[in-house]
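Engineer: how does the following fold in three dimensions:
(chains A, B, C and D)
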There are 2 protein chains.
Amino acid sequence: MFNREEILQAFEEKGLRATSQRYCIMEYLARRPVHLTADEIFRAVNRSDPRASRATVYNSLNALSEAGLVRDISVDGKATLFDSNLRRHHHFVCDLCAAVEDVEWFESPRFSRAELAGRRIREFEVVLRGTCKKCNSKATV
Amino acid sequence: MFNREEILQAFEEKGLRATSQRYCIMEYLARRPVHLTADEIFRAVNRSDPRASRATVYNSLNALSEAGLVRDISVDGKATLFDSNLRRHHHFVCDLCAAVEDVEWFESPRFSRAELAGRRIREFEVVLRGTCKKCNSKATV
DNA sequence: TTTTGTGCAAAAGGTTTGCATACGA
DNA sequence: TCGTATGCAAACCTTTTGCACAAAA
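Structural biologist: Numbering: from 1, shown residues only, chains lettered A, B, ... in the order given. Next up, the predicted model:
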């Protein structure tokens, strides 16, 4: 998904200093196309560089997120999840196992002037809830 | 919105014991048609009954929410917000002042079998983001 | 050299929990 | 009376912060 060059170039474009910790984090997220908590990312990064600190992982994730290089989603007050899937997409959360999955993007409906009520809409974020494939098949067995 | 009888009847229907704390919380939420944090609710309830504890407010809100008598929404990892608006609705969050507003319900698109990918959808939750009426008018002035 | 990021530890929210007591059914 | 809810305080989990030091630009 991202090779070294692409990551470093993205940092430069966004005006982010290319520190080894940030690079590690970006690379780890790019390799693992799932939603990860800051703590999971911290443990992974800390495994390869035992001096990497939890605070830096949090700070870096915030910086990467603000720069638009990773996306974060927080569901039900649990720990924020990060991923590097930059394609527009929505999310599905399983009621049973709490897994978070990406779902294909679909358009927002158009709002009438009355419905907008003076608001300006920038983003449209959907969370679908239900039971995931895995849990459904377990229940059937 | 809710009078005493209605609240007590709702508790009975849901098999919830009618404790004075729960009643207080329900009544307060019914009187204030906004999104409130558990802490705001705690402070209000505690004002009228100084013995009411924070833990009970959290426990009660969870019980009320599970019973479907209040709804909760958590946005951006900040404190969960509670409200007693049980009509189906979506939410709008202002980028600038972080206000959370209810918006009219609109239907989910229909998903094809392929899009569902073995999932069963129970709920469709939308968060619109942008700038609210108040912030827009400030910016224009 | 100048800035910005890092590591560490401590603190800050928000929420849950264990246990003895009180209270609703 | 019986079982569940409450109050209290402590614990927990996630995230942020202050400060001295290190590393990018």
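
Engineer: pretty sure residue A:129 sits in a strand.
Structural biologist: Yes: if the criterion is DSSP: H, G, I helix; E, B strand; the rest coil, then residue A:129 is within a strand.

Engineer: now the closest residue to it other than its chain neighbours: phi and psi?
Structural biologist: Leaving aside its sequence neighbours, residue A:129 sits nearest to residue B:123 (Cβ to Cβ, 6 or more residues apart in numbering or on different chains; 4.1 Å). (Glycine included, C-beta is placed from N, CA and C.) In terms of degrees, to the nearest 10, the main-chain angles of residue B:123 are phi -140, psi 150.

Engineer: need the contact list for residue A:117.
Structural biologist: Residues near residue A:117 by Cβ atoms under 8 Å, 6 or more residues apart in numbering or on different chains: residue B:133.

Engineer: change it to 10 Å
Structural biologist: A:111, B:92, B:101, B:103, B:104, B:132, B:133 (Cβ atoms under 10 Å, 6 or more residues apart in numbering or on different chains).

Engineer: can you put the residues you listed in a markdown table and add secondary structure?
Structural biologist: Shown next, in a markdown table, are the contacts of residue A:117 (three-state DSSP):
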| residue | secondary structure |
| --- | --- |
| A:111 | coil |
| B:92 | strand |
| B:101 | strand |
| B:103 | strand |
| B:104 | strand |
| B:132 | coil |
| B:133 | helix |
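
Engineer: how about the residues you listed in CSV, adding pLDDT?
Structural biologist: As requested, the contacts of residue A:117 are exported to CSV (pLDDT from 0 to 100):
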residue, pLDDT
A:111, 91
B:92, 97
B:101, 96
B:103, 94
B:104, 92
B:132, 96
B:133, 96
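
Engineer: any idea how far the residue nearest to residue A:129 lies from residue A:101?
Structural biologist: 15 Å (Cβ to Cβ, to the nearest Å).

Engineer: the more surrounded of the two?
Structural biologist: residue A:101 (17 against 12; other Cβ atoms under 10 Å in any protein chain shown).

Engineer: quick one: that one and residue B:119 touch, right?
Structural biologist: Yes: with contact defined as Cβ atoms under 10 Å, residue A:101 and residue B:119 form a contacting pair (7.8 Å).

Engineer: which neighbours do these two share?
Structural biologist: A:92, A:94, A:128, A:132, A:133.

Engineer: quick one on the thing from earlier: of the contacts of residue A:117, select the buried ones using a ChimeraX command.
Structural biologist: Buried residues among the contacts of residue A:117 (16 or more other Cβ atoms under 10 Å in any protein chain shown), as a ChimeraX selection:
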select /B:92,101,103,132
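
Engineer: which of the contacts of residue A:117 lies closest to residue B:48?
Structural biologist: residue B:101 (27.4 Å; Cβ to Cβ).
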